[in-house]
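Trainee: Give me a model of this one.
(2 chains)
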Amino acid sequence: MKTRIKEYRAKYNITQERLAELVGVRRETIIFLEQGKYNPSLKLAYNVARALKTTIDEIFIFDD
Amino acid sequence: MKAKRLFLVVSIIALIVAIVLISLEAYYVAVALIAGALIMGHRELWSLITKRKMPPIDERVRENTGRSVRNGFVFFALALAFLMLPFSVGIIEASTTVRILGGLFVAGGVVYLVSYLFYDRAQPKLSEREFKMLKIFLLVAGIALGTFIISIFLHNSIDALFGVEEPVFFSIAVFVSPVAFAVGIIGSLVIFTKGLFSTAV
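Mentor: Sure thing, here's the model as predicted:
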């Protein structure tokens, strides 16, 4: 799984710390998400997408 | 707030255990305990010092903690079962009580191993009531195991400190805990097996 979280963070000038606060998770979780090392629940994926003012499929890219 | 309270409770328990260990001159164990607690809670501690708040316990942390607890418990149950196996089958000379206890712990280890390996297959087939019962039985077994260890510790401590042959904790350790443990283990095994072999989806 790849993500575009970093790209969107840069677009809105949001730090990992701030995004973690907005979503209600730890900064480490955002790091893991950005690196594609953690598969989030639908709820977390939705919250991240909403915090970055976009949709889940824009942020999370699944390659088969 | 909940995470903060949990952290506080764990810290206080670790501190009390460390003090008891130091008073028993078990310095290495006390140092290991303190080091372990610091390693486990360094993020929380750092966040409390720098930001005066606990980091949230999000789904990743919950998943990791759940997995660690589950792995730890399975390891503990298996280690205990293997340790007690020679007593229960009579390879090592032991009294009937120790043999029964050994047999119970071996059974416990087997049940936890089977539950651990097949939980995902059995759990969806259980009804809400059965799942609640399974949780209660597992909880009873877990509490009985904890009570057993604590009672032995307290019985021996009272004996060592005051020289009194104390009957209450002895009875709990030898009679009450094993019976409760057996009930918990057998009950959970019955429900678990029912779920595992059920054809319902």
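
Trainee: To what extent is the closest residue to chain B within chain A buried, counted in neighbours?
Mentor: Scanning chain A for the residue nearest chain B gives A:V25, at 3.8 Å (criterion: CB to the nearest CB). Backbone N, C-alpha and C define where each C-beta goes, glycine included. Counted with other CB atoms under 10 Å in any protein chain shown, the neighbours of A:V25 add up to 24.

Trainee: and it, helix, strand or coil?
Mentor: Taking DSSP: H, G, I helix; E, B strand; the rest coil as the rule, one finds A:V25 in the coil state.

Trainee: Could you measure from the closest residue to it other than its chain neighbours over to A:V23?
Mentor: Counting by CB to CB, 6 or more residues apart in numbering or on different chains, A:V25 lies nearest to B:D58, which is 3.8 Å off, once chain neighbours are set aside. From B:D58 across to A:V23, the span is 8 Å (CB to CB, to the nearest Å).

Trainee: who's more crowded, those two?
Mentor: The residue with more neighbours, out of B:D58 and A:V23, is A:V23; 22 against 19, by other CB under 10 Å.

Trainee: returning to that earlier point: against B:P56, how distant is the residue of chain A closest to chain B?
Mentor: For A:V25 relative to B:P56 (CB to CB), the value is 6 Å.

Trainee: got it, and B:A160?
Mentor: On the measure of CB to CB, B:A160 and B:P56 end up 44 Å apart.

Trainee: more neighbours, these two?
Mentor: Set B:A160 next to B:P56 and count neighbours by other CB under 10 Å: B:P56 wins out with 16 against 9.

Trainee: The more buried one belongs to a strand?
Mentor: No: going by three-state DSSP, the assignment for B:P56 is coil, not a strand.

Trainee: By residue count, what's the longest helix in chain A?
Mentor: In chain A, with assignment by DSSP state H, the single longest helix is helix A:42-51.

Trainee: And chain B, is it touching that?
Mentor: Yes: between helix A:42-51 and chain B, judged by CB under 8 Å from any CB of the partner chain, the touching residues are A:K43, A:L44.

Trainee: and the next helix or strand after that helix, what other elements does it pack with?
Mentor: Scanning forward in sequence from helix A:42-51, with DSSP states H and E defining helices and strands, the next element found is helix A:56-59. With contacts defined as 3 or more CB pairs under 8 Å, 6 or more residues apart in numbering or on different chains; DSSP states H and E, the secondary structure elements packing on helix A:56-59 are helix A:42-51.

Trainee: Now do the buried residues in the helix it packs on.
Mentor: A:L44, A:A45, A:N47, A:V48, A:A49, A:A51 (16 or more other CB atoms under 10 Å in any protein chain shown).

Trainee: Next: stretch B:185-201.
Mentor: Buried residues in stretch B:185-201, defined by neighbour count with 16+ other CB under 10 Å: B:I185, B:G187, B:S188, B:L189, B:I191, B:F192, B:G195, B:L196.

Trainee: Likewise for stretch B:20-27?
Mentor: Of the residues in stretch B:20-27, those buried by neighbour count under the rule 16+ other CB under 10 Å are B:L21.

Trainee: Quick check: B:N156 vs chain A, distance?
Mentor: As judged by CB to the nearest CB, to the nearest Å, B:N156 and chain A stand 42 Å apart.

Trainee: Can you read off the pLDDT for that residue?
Mentor: For B:N156, the pLDDT comes out at 84.

Trainee: And it, which helix or strand is it part of?
Mentor: Assessed by DSSP H and E, B:N156 sits inside helix B:128-162.

Trainee: what distance separates the helix or strand following that helix from the centre of its chain?
Mentor: Elements were assigned by DSSP H and E; along the chain past helix B:128-162, the next helix or strand is helix B:168-171. When C-alpha coordinates are averaged (CA atoms, centre = their mean, to the nearest Å), helix B:168-171 and its chain have centres 20 Å apart.

Trainee: That'll do, ta.
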